[in-house]
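J.: next come a sequence and a model predicted from it.
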Amino acid sequence: MSIWGNFSAGRNIAMKVPPHLYESSIQFYREVLGFKEITTHAPSVGFEFGSNNLWIDRVPGISQAEIWLEVITKSLTHSGAGIVHWLNSKAIRA
């Protein structure tokens, strides 16, 4: 457990991809890997990725893919204050 709060990994992974890679990214997970598609949140495109969900998002204005991981906490007040304190100690503005 972190001294800044009680964090844990979430189930969602978001892959942010530029428009020119969007369709080929979806095809890769659907056709090459054969992952089961999540269809309950259309028009969002997602796949079962082990015990997690992988969401593929088209994002104009970026040049390469990014991965965003979900982090969850039960105490946003305590955890949020801890994150701000940590960021400030590293001279990073929140």
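T.: Cool, got the structure. Worth saying up front: this structure is predicted, and the values here are computed from it rather than measured.
J.: okay, now P43: neighbour count?
T.: Using other Cβ atoms under 10 Å, P43 has 4 neighbouring residues. Glycine gets a C-beta too; all of them are placed from N, C-alpha and C.
J.: check V17 too.
T.: 20.
J.: what pLDDT does G80 get?
T.: Looking at G80, its pLDDT reads 69.
J.: tell me which element S24 is part of?
T.: helix 19-27 (DSSP states H and E).
J.: helix or strand right after that helix?
T.: Per DSSP H and E, helix 19-27 leads on to strand 37-38 as the next helix or strand towards the C-terminus.
J.: which helices and strands sit right next to that next one?
T.: Under the contact definition 3 or more Cβ pairs under 8 Å, 6 or more residues apart in numbering; DSSP states H and E, strand 37-38 sits against strand 45-49.
J.: could you dump the strand it packs on to CSV, C-alpha only?
T.: Taking C-alpha atoms only, strand 45-49 is exported to CSV below (Å, rounded to 0.1, in the frame of the first residue of the first chain):
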residue,chain,number,x,y,z
VAL,A,45,-14.5,-0.7,-29.6
GLY,A,46,-13.1,-3.0,-26.9
PHE,A,47,-11.7,-6.4,-26.5
GLU,A,48,-11.4,-8.9,-23.6
PHE,A,49,-7.7,-8.8,-22.7
